[in-house]
Structure formats: C-alpha cells, structure tokens
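**Student:** Make a model of this:
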Amino acid sequence: MPSRRAVAVSLAFGLSHAAVLLAVAGHLGYAVGPSNYSLVGVGWRYGGLVVVSALPAYLAVRYGLLAPAVALVLTTGYVLGMELTPPGPTFRDVAELEGLAEPTGITVVEDGLYVVRYMTNASVWTVGFLFLGVVEYVVRRAWRPLPSVSDAAPRPSLPAPRRRAAAVAAAGGLLHAAVMVWFAARLGVTLTGGIGWVLYPFGAVGMWLLAAVPLYLLVRHLLVAPATLLSVFVLVDASAEFTASVEDPHALYFGGWFLYLGVLLAVAGAEYGLRRLDVAHRIASRLRR
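**Tutor:** Predicted structure coming up:
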C-alpha cells in the first residue's frame with residue numbers, strides 16, 4: 001500500500017481505537033473527559049491511545065508486519081473484556097475499606113480502570129509493540145523459510161554493518177530509556193536513605209543498555225532471543241499496572257535492570273551456542289559424505 005494511504009488508514013484506525021475506548025470509559029463512569037485534564041494531559045492521553053494503535057496498524061498495512069498488530073488486538077481485547085464483563089468496576093469510599101464511621105471523599109475503584117491505565121501508559125505499550133515489529137522484520141528478512149516482508153519495507157543488509165547496528169541500538173536504547181524514566185517518575189519510584197537522587201541516572205543508563213544491547217545483537221549478529229525477550233519484558237512491565245498492587249514491578253525493572261540484562265546476555269549466549277553447535281553438526285555431516 002502506498003505510504004500516504006497507509007498513513008491515512010492507520011491514523012483512521014488509531015482514532016477509531018481511541019474513540020471506542022474513551023466511549024467505554026465514559027459509559028463506565030470514569031472521569032476521562034477533556035475537562036478533567038490539562039491541555040498537555042489531553043494530548044498525552046488521547047494522543048497515546050491513537051499512536052499505540054496507529055503504529056501497529058501502519059506496520060501491518062505498509063510493511064506486512066503482523067506481530068505488533070496481534071499484540072495490540074490481544075491487549076485491547078483484554079482491556080475491553082475486563083471492563084465489560086462482571087463484576088465490573090465498583091466505586092467505594094476509602095472509609096468503607098478502612099471501617100471508618102465518616103466518609104472520606106476519597107474513592108477507590110475495584111475491578112476497573114483498565115482503560116484509564118492503558119491510556120495513561122500508552123507510551124510504554126507503544127515501545128513494546130515497536131520492538132516486536134523490529135524483531136519480526138529481522139526474522140523475516142534473515143530466515144528464508146518465513147514469508148518475506150513487504151517490498152515497501154527498507155532493505156538494509158543483514159547482518160547490518162557495525163556502525164549501522166550501533167546507530168539502531170543507540171536510537172532504540174534512547175527511546176526505551178526516555179519512556180521508562182518517565183514511567184518511573186509517574187509511578188513515583190524512589191529510594192529511601194537519602195540517596196534517591198542516584199536512582200534516576202543509574203536507571204536511565206540501565207534502561208539504555210537494556211534495550212541497546214539486545215537490539216545490537218539482533219541487527220548485527222541476528223540473535224533473536226534477547227530482543228524478543230526484551231519486548232516481553234516491556235509488555236509485561238506495562239501490563240502489571242493494570243492491577244493495583246503494593247509492590248511495583250517497574251521499580252525492580254528500573255532499579256534492578258542489571259538482573260534483566262544478565263538474563264538477556266545469558267539467553268544470547270545460549271542462542272549463540274546452539275547455533276554454533278548446529279553449524280558444527282552440519283560441517284561434520286558434510287565431511288562424512
């Protein structure tokens with residue numbers, strides 16, 4: 001599909017996606033109208049709902065990449081399913097939960113707010129969908145048994161040259177770091193003991209490394225498992241915010257990024273080792289002939 005038409009189709013899909021979710025949220029009694037947010041807040045939330053769906057739609061329509069679209073359908077289906085099926089959202093005053101005699105005026109929503117959380121954290125979901133698209137693109141370009149990507153897709157050489165791989169990794173790392181630092185700040189992730197100022201620089205560097213390393217291994221060495229697992233990490237981290245919890249999974253992801261990086265490197269080593277064993281087996285088989 002031509003680029004302009006693909007943009008128009010994906011934008012229309014994104015607007016429809018946002019309209020449906022906002023209509024459901026309004027029907028359930030959530031305060032999601034424009035008057036409830038600042039101008040920046042409206043742009044961030046409403047625009048996020050458009051972009052989070054328009055990007056996978058564009059990748060599917062323009063380049064034939066299906067993984068982001070499938071992930072979007074599953075996520076949106078889960079959000080709508082949880083909102084529209086029993087027990088449904090329940091609005092309760094904190095006094096009812098705490099056993100207080102007088103109402104506090106502070107309302108807690110149980111079994112709800114899925115649309116609101118999805119809308120607020122749309123940037124995190126977008127990064128996860130984008131990384132899935134990059135993985136699918138490399139896999140379908142590099143592995144011949146799989147259907148090739150659309151002719152409209154860029155055709156850089158794979159494995160990519162070192163400089164190009166470094167540029168892709170650096171850009172992906174910056175995007176991941178920016179969104180995850182914002183996510184941590186929005187959730188109020190901090191450290192006790194008077195050293196909270198160390199967390200965000202430390203976490204920002206880690207968020208860059210956590211994305212840059214597997215993306216470099218993907219486009220330079222065609223190691224698929226680390227980047228795939230990174231995409232799963234991002235999507236699981238975002239989905240954890242659908243349900244309120246005393247423990248915040250993103251605090252571990254942001255502050256303990258080195259643990260996740262260790263897992264990614266271990267997975268990369270395992271994939272590399274398995275490939276080398278396969279190559280050695282093929283060479284031995286040819287020599288026997």
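
**Student:** What segments of the stretch 1-150 of the chain are strands?
**Tutor:** 90-93, 107-110 (DSSP state E, counting those that start in this stretch).

**Student:** Restricting to C-alpha, output the first one in CSV.
**Tutor:** So the one you mean is strand 90-93. Presented in CSV, the C-alpha positions along strand 90-93 are these (Å, rounded to 0.1, in the frame of the first residue of the first chain):
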residue,chain,number,x,y,z
THR,A,90,-17.0,-0.8,41.8
PHE,A,91,-16.6,2.7,43.3
ARG,A,92,-16.0,2.6,47.0
ASP,A,93,-15.1,5.2,49.6
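
**Student:** tell me the mean pLDDT for it?
**Tutor:** What strand 90-93 shows for mean pLDDT is 72.

**Student:** do the same with stretch 226-241
**Tutor:** For stretch 226-241, the mean confidence score works out to 95.

**Student:** May I see the buried residues of that stretch?
**Tutor:** 226-231, 233-235, 237-239, 241 (16 or more other C-beta atoms under 10 Å). All C-beta atoms are positioned from the backbone trio N, CA, C, and that covers glycine.

**Student:** so which of those comes closest to Pro159?
**Tutor:** Ala227 (13.5 Å; C-beta to C-beta).

**Student:** Tell me if that closest one really is in a strand.
**Tutor:** No - assignment of Ala227 by DSSP: H, G, I helix; E, B strand; the rest coil gives helix, placing it outside any strand.

**Student:** you'd agree it is up against Glu136?
**Tutor:** No - in this structure, Ala227 is not within contact of Glu136 by C-beta atoms under 8 Å, at 10.2 Å.

**Student:** Going by residue numbers, what spans are helices in the stretch 51-200 of the chain?
**Tutor:** Secondary structure of the stretch 51-200 of the chain by DSSP state H, counting those that start in this stretch: the helices cover 67-84, 94-98, 114-120, 122-142, 162-187, 196-221.

**Student:** how about these, which one is nearest Leu264?
**Tutor:** helix 196-221 (5.3 Å).

**Student:** starting at the chain centroid, how far to that closest one?
**Tutor:** Averaging C-alpha positions (C-alpha atoms, centre = their mean, to the nearest Å) puts helix 196-221 15 Å from its chain's average.

**Student:** Show the average pLDDT along it.
**Tutor:** On average, helix 196-221 scores 94.

**Student:** Taking helix 122-142 as reference, get the angle to that helix.
**Tutor:** With axes from the mean of the first three to the mean of the last three C-alpha atoms, to 10 degrees defining the directions, helix 196-221 sits at 20 degrees from helix 122-142.

**Student:** buried stuff in helix 196-221?
**Tutor:** 199-200, 202-204, 206-221.

**Student:** Which secondary structure element of the chain has the lowest mean pLDDT?
**Tutor:** With mean pLDDT, DSSP states H and E as the measure, the helix or strand of the chain carrying the lowest mean pLDDT is helix 94-98 (a mean of 64).

**Student:** pLDDT weak spots in the stretch 1-150 of the chain?
**Tutor:** 1, 93-99, 101, 107-108, 110, 145-146 (pLDDT under 70).

**Student:** Verify the stated contact: Val263 with Leu229.
**Tutor:** Yes - between Val263 and Leu229 there is a contact under C-beta under 8 Å: 7.1 Å.

**Student:** show me what contacts Leu132?
**Tutor:** Applying C-beta atoms under 8 Å, 6 or more residues apart in numbering to Leu132 gives the contacts Ala67, Pro68, Ala71, Ser231.

**Student:** what do you get for Leu28?
**Tutor:** Under the criterion of C-beta under 8 Å, 6+ apart, the neighbours of Leu28 are Glu83, Gly88, Pro89, Gly112, Val115.

**Student:** quick one: it from Ala60, how far?
**Tutor:** 29 Å (C-beta to C-beta, to the nearest Å).

**Student:** same thing with Leu21?
**Tutor:** 19 Å.

**Student:** Likewise for Ala69?
**Tutor:** 4 Å.

**Student:** just Thr126 next, same as before
**Tutor:** From Thr126 to Ala60 the distance is 15 Å (C-beta to C-beta).

**Student:** Skip the chain neighbours and tell me the closest residue to Leu15.
**Tutor:** Excluding the flanking residues, the one nearest Leu15 by C-beta to C-beta, 6 or more residues apart in numbering is Val50, at 5.9 Å.

**Student:** isn't the one you found right up against Gly14?
**Tutor:** Yes - taking contacts as C-beta under 8 Å, Val50 lies within contact range of Gly14: 3.9 Å.
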